[in-house]
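>>> What would the 3D arrangement of this be:
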Amino acid sequence: MSLILYIEPAAFEVPCLSAESLAALAYLQNVAPASFLVHCTANAAALITGKLPTLNDKGSGTWTSGFAAIVAYLKKLGLDADEPLNALERAESIALQVLVEQSASDLLSKVWFGDDLNYAAVRSILGKALPVPFNYTLPAELRKRAVGITSTVEGNLPPIAMGVTPSVRSAATALSASSQKTRKAQGLYALIEKQLGDKAYLFGKQATSCDALVCGHLSLHSYDQIPNPILAEELQRSFPKLHSYVAAFKDNLRPVDLAPPEPVGIMNIFNALWREMAGPRRSKPKTEEPSMEEGLKRIKDRKEKLYFACASVLGLIGFIIFNGIISFDIEGEEDYEDAGSFNEQEEVEEELSDDELE
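Sure, this is the predicted structure:
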């Protein structure tokens, strides 16, 4: 098998914890079943592309990352699930994919990582699914993407709500945020369900790239094992046909053929932490001088990354020592014990000599 798909590990009752990677997996299982291997990894920085999902065609040496680029490359190989579509349907498919990719990922980020209770539950799940140090770095990175939601919603509250006590304002903010997310989810789900109609798939009797992307996102939306599953509840309560469509997609996902895992050493873990702290490399230097505000923001971001990386390193060292992966022998204590034993032996010999003299 010359095709290897690199995706994140399994979680949330699906083979991959990322919607885009799940979509790429579903597309490959549709057009090339049993013709590719899957490599589960959380270390995207170790790949040539630096992103997940990534497809490696070992036959041609081609590396491709991102769902859209992977689908485009597979179509060049003759693996085209969109071939039955006419020109109008292709245009509608592209438009729907763009909308879903933007709206669905934004909704999931807000519900899972913008809600404190949900974030605690999701972080626990990711902590079990991901290896060290990514079980620390990835949840924090996803949480950071969702920050500012409360402040944005709070800025939209009526003036009377802004002048009350913090506890009442917090409750009003949470209620407003929840209602906004519910309305956005309703609009997105209604559009997709209208396109689905009474058909088996979005554009007819065969699954297309649009089905893969839509179901990749909605498979995570339908996960209800969190404290406030407003997306899953709305999908099941108000859009039962769409919910059944997504459930059938999840049931049809076949077990993946895994590629042999690559060895991960201690140095690789520290290198990953360093990449998290330093950020991506720039291929070209900037010609424009940054403003004072941008400069201060960069310094603040670097400090936050540095603090987080240091905390992760200390946590990793504690984990290694606690589990006995590395042990330390203190030679001074052994020397002291040996010296004590030698002194005791001298005292015994002196007592024996005194007895003989007597």
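>>> tell me the helices in the stretch 51-200 of the chain, going along the chain?
67-76, 87-113, 116-129, 134-146, 149-155, 159-162, 166-196 (DSSP state H, counting those that start in this stretch).
>>> Buried ones in the fourth one, by neighbour count?
The reference is to helix 134-146. Under the neighbour-count criterion of 16 or more other C-beta atoms under 10 Å, helix 134-146 has 134, 135, 136, 137, 138, 139, 142, 143, 146 buried. In this view, the C-beta of every residue, glycine as well, is placed from N, C-alpha and C.
>>> still on that earlier bit, of the helices of the stretch 51-200 of the chain, which approaches residue 11 most closely?
Set against residue 11 and scored by C-beta to C-beta, the helices of the stretch 51-200 of the chain come closest in helix 116-129, at 4.0 Å.
>>> Could you check that closest one and say which residues are buried?
Using 16+ other C-beta under 10 Å as the test for burial, helix 116-129 gives 118, 119, 121, 122, 123, 125, 126, 129.
>>> Okay, angle between it and helix 87-113 too, please.
Between helix 116-129 and helix 87-113, the angle comes out at 100 degrees (axes from the mean of the first three to the mean of the last three C-alpha atoms, to 10 degrees).
>>> Identify the residues contacting helix 116-129?
Helix 116-129 has contacts (C-beta atoms under 8 Å, 6 or more residues apart in numbering) with 9-12, 17, 111-113, 135-136, 138-139, 143, 225-228.
>>> swap in stretch 234-248?
Residues beyond stretch 234-248 that count as contacts (C-beta under 8 Å, 6+ apart) turn out to be 182, 185-186, 189-190, 192-193, 196, 215, 218-219, 221-222, 224.
>>> Ends of that stretch, what's the gap?
Using C-alpha to C-alpha, to the nearest Å, the span of stretch 234-248 from its first residue to its last is 18 Å.
>>> Give the buried residues for it.
Neighbour-count burial for stretch 234-248 [16+ other C-beta under 10 Å]: 234, 235, 236, 239, 242, 243, 245, 246, 247.
>>> Check stretch 70-78 too.
Residues of stretch 70-78 classed as buried: 70, 71, 73, 74 (neighbour count, 16+ other C-beta under 10 Å).
>>> contacting residues around the second one?
Spelled out, it's residue 71. Contact analysis of residue 71 by C-beta under 8 Å, 6+ apart lists 24, 27, 209.
>>> Read off the pLDDT value for residue 173.
Among the per-residue scores, residue 173 shows a pLDDT of 48.
>>> oh sorry, the question was meant for residue 119
For residue 119, pLDDT reads 95.
>>> next one: residue 262
With respect to pLDDT, residue 262 scores 52.
>>> How about the contacts made by residue 11?
Residues counted as contacts of residue 11 (C-beta under 8 Å, 6+ apart) are 17, 125, 126, 129.
>>> hmm, back to that, could you export the buried residues of stretch 234-248 to a markdown table, including columns for distance to residue 78 and secondary structure?
Below are those laid out as a markdown table (distance: C-beta to C-beta, whole Å; DSSP: H, G, I helix; E, B strand; the rest coil):
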| residue | distance to residue 78 | secondary structure |
| --- | --- | --- |
| 234 | 40 | helix |
| 235 | 35 | helix |
| 236 | 38 | helix |
| 239 | 35 | coil |
| 242 | 31 | helix |
| 243 | 34 | helix |
| 245 | 28 | helix |
| 246 | 29 | helix |
| 247 | 31 | helix |
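>>> And the residues you listed, which is closest to residue 37?
Within the buried residues of stretch 234-248, the smallest distance to residue 37 is 26.2 Å, found for residue 246 (C-beta to C-beta).
>>> and that closest one, how far is that from residue 188?
13 Å (C-beta to C-beta, to the nearest Å).
>>> Only C-alpha atoms, please: export stretch 25-32 in CSV.
Provided in CSV are the C-alpha atoms of stretch 25-32 (Å, rounded to 0.1, in the frame of the first residue of the first chain):
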residue,chain,number,x,y,z
LEU,A,25,-10.5,9.1,6.4
ALA,A,26,-14.2,8.7,5.4
TYR,A,27,-13.4,9.9,1.8
LEU,A,28,-10.5,7.4,1.5
GLN,A,29,-12.7,4.6,2.8
ASN,A,30,-15.2,5.5,0.2
VAL,A,31,-13.0,5.7,-2.9
ALA,A,32,-10.1,3.4,-2.0
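>>> which among the contacts of residue 11 gets closest to residue 101?
residue 17 (16.8 Å).
>>> show me the contacts for that closest one.
Neighbour list for residue 17: 8, 9, 10, 11, 126, 129 [criterion: C-beta under 8 Å, 6+ apart].
>>> Let's see that with 10 Å instead.
Residues in contact with residue 17 (C-beta atoms under 10 Å, 6 or more residues apart in numbering) are 7-11, 40, 42, 122, 125-126, 129-130, 138, 220.
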